[in-house]
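A.B. asks: coords please:
(one chain, ligands or ions: 1)
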Amino acid sequence: MFSRDDLQQLAEYQGQHAVLSLTLNVDPTHRTKDEYRLSLRHLLHSVQGRANGDVAVVERFFDQEYDWSGRGLAIFSNQQENFWKVYSLAIPIVDSIFIGPKPYLTPLANLWDVYGRFVVGLIDKQGARFIFVQLGEVIDGEGILGEEVRRVKSGAGSTPTGRRRNPDEPSDRHLNEVIKRNVKDTAHALAEFCEKHTPRYLVLGGNMEVVKEVRAHLTQPWAERVVGTIAGDVDVSDLVLRDRALKVVEEVEAQREAELADAAITAAAKNSHGATRIDRVLTAAHKGQVQTLLIAEGFKSEAYRCQHCGDVTLAPGTQCVFCGGAFELLPDAVEAAISKVIEQGGRVDIVRGHAALNEVGVAALLRY
Ligand SMILES: [Zn+2]
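C.D. replies: From the prediction side, this is the model:
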């Protein structure tokens, strides 16, 4: 299991030698084992000659140890300093490989920020069950049971003359009051559960009429974090609930990323607070302009940077057109952009399956 502490420790790790960071999507519902092996070979090939000891250890791990369990995998290796970490994840992760002075944490950090943390609430007239899911694993659960919802026999169903008059009215009123109280208690308990776990998203299911009521009684910020609903009865297991909610959250997240990519590409076309292509994005990053960096999954590029003014180009002349400075080669320009953006407190998203972004490779929303 991957914990917050692991993330913190990785972020603090600083060796004298380069660290190889690898993340691999191994979700059996997406592709076959052979397809993942192929993807792994491509990733390792792309860093050929740069971290041979680490690549060999990773290959040996896949050949001899790994059982292909889980849906995502993250590996960090620095053999020269005996540093080796493997994390099997319960949710899929993007494919990525980086070699740098520190572990490359963007894919894992993204999982944490977004669909790594959510609460699922299964709600009916009498009570509710909540689970908290972190990086795909069910970490905590809680059930609340309100007053039993049943009709009370009032004995006032008929008058002495035998004429029926509103036979259901008193018991219905009682019934509604009980449900109302239970709804309030449930909304209160759900808010407390959320305060304990601070989820990014909430997914609710069960009796949809009651869900609607609970949602209306839920305090902020939790009410606005409800992103969808799922089907579910009381006897549905935690893992089934998790999987249904995960689907909702994955869709919401994919939608959010697609909208960001659209916005960045449009802004770049209008030349207003947007940039596309690695040379322009990297130049903007160098000036501290990038608010959100969007990278097409698997995109890699070399680029050249002017050592004097920092301008980046893909096709360098003999000297910089702006200042006459000399160029240096950036073997992995995407990695350079990512570390620059993170350094400046910006956000990085790796986006899968966005056609326009795949064409340009990278896009950015700019601060100014
Ligand atoms: Zn220059």
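
A.B. asks: ok, now how distant is whatever residue of the stretch 101-250 of the chain ends up closest to the ion from Val362?
C.D. replies: For the stretch 101-250 of the chain, the residue closest to the ion is Pro101, as judged by CB to the ion, at 25.2 Å. Glycine gets a C-beta too; all of them are placed from N, C-alpha and C. In this view, Pro101 and Val362 are 22 Å apart by CB to CB, to the nearest Å.

A.B. asks: out of these two, which sits in the busier spot?
C.D. replies: Taking other CB atoms under 10 Å, Pro101 and Val362 do not tie; Val362 has more neighbours (28 against 13).

A.B. asks: May I see the buried residues of the biggest helix by length in the chain?
C.D. replies: Scanning the chain for the longest helix, with DSSP state H as the assignment, gives helix 238-269. Using 16 or more other CB atoms under 10 Å as the test for burial, helix 238-269 gives 241-242, 244-246, 248-249, 252-253, 257-258, 260-261, 263-265, 267-268.

A.B. asks: could you show me where the strands are in the stretch 151-300 of the chain, in order?
C.D. replies: Assigned by DSSP state E, counting those that start in this stretch, the stretch 151-300 of the chain shows strands spanning 201-206, 226-230, 274-276, 290-296.

A.B. asks: need the residues of the stretch 251-368 of the chain near the ion, please.
C.D. replies: By CB under 5 Å from the ion, the residues of the stretch 251-368 of the chain that approach the ion are Cys306, His308, Cys309, Asp311, Cys320, Phe322, Cys323, Gly325.

A.B. asks: Thought Cys320 was touching the third one, still the case?
C.D. replies: Yes: counting by CB atoms under 8 Å, Cys309 does reach Cys320; the two are 6.2 Å apart.

A.B. asks: more neighbours, those two?
C.D. replies: Set Cys309 next to Cys320 and count neighbours by other CB under 10 Å: Cys320 wins out with 20 against 13.

A.B. asks: That one contacts Gly310, correct?
C.D. replies: No: the criterion here is CB under 8 Å, and Cys320 misses it with Gly310 at 9.4 Å.

A.B. asks: Specify the local secondary structure of Ala336.
C.D. replies: Put simply, Ala336 is helix when judged by DSSP: H, G, I helix; E, B strand; the rest coil.

A.B. asks: these two touch, right, it and Leu330?
C.D. replies: Yes: contact status for Ala336 versus Leu330: in contact at 5.1 Å, counting by CB under 8 Å.

A.B. asks: which residues are common contacts for those two?
C.D. replies: Common neighbours of Ala336 and Leu330, counting by CB atoms under 8 Å, 6 or more residues apart in numbering, are Leu282, Ala303, Arg305.

A.B. asks: taking those residues one by one, which sit in helices?
C.D. replies: Counting by DSSP H, the shared contacts of Ala336 and Leu330 contribute Leu282 to helices.

A.B. asks: Neighbour-wise, give me the winner out of the shared contacts of Ala336 and Leu330.
C.D. replies: Within the shared contacts of Ala336 and Leu330, neighbour counts (other CB under 10 Å) peak at Leu282, which reaches 29 neighbours.

A.B. asks: Relative to the ion, how far out is it?
C.D. replies: 13 Å (CB to the ion, to the nearest Å).

A.B. asks: Run through the residues that contact the single nearest residue of the stretch 151-300 of the chain relative to the ion.
C.D. replies: Nearest residue of the stretch 151-300 of the chain to the ion, counting by CB to the ion: Thr283, 10.3 Å away. Contacts for Thr283 (CB under 8 Å, 6+ apart) come out as Ala275, Gly310, Asp311, Val312.

A.B. asks: same thing but at 10 Å, please
C.D. replies: The contact partners of Thr283, by CB atoms under 10 Å, 6 or more residues apart in numbering, come to Ala275, Arg277, Gln289, Ala303, Arg305, Cys306, Cys309, Gly310, Asp311, Val312, Thr313, Ala337.

A.B. asks: per-residue confidence at it?
C.D. replies: Looking at Thr283, its pLDDT is 89.

A.B. asks: And Glu335, by the same measure?
C.D. replies: According to the prediction, Glu335 has pLDDT 79.

A.B. asks: where in the stretch 251-368 of the chain is pLDDT low?
C.D. replies: Within the stretch 251-368 of the chain, no stretch falls below the threshold (pLDDT under 70).

A.B. asks: Alright, calling it a day.
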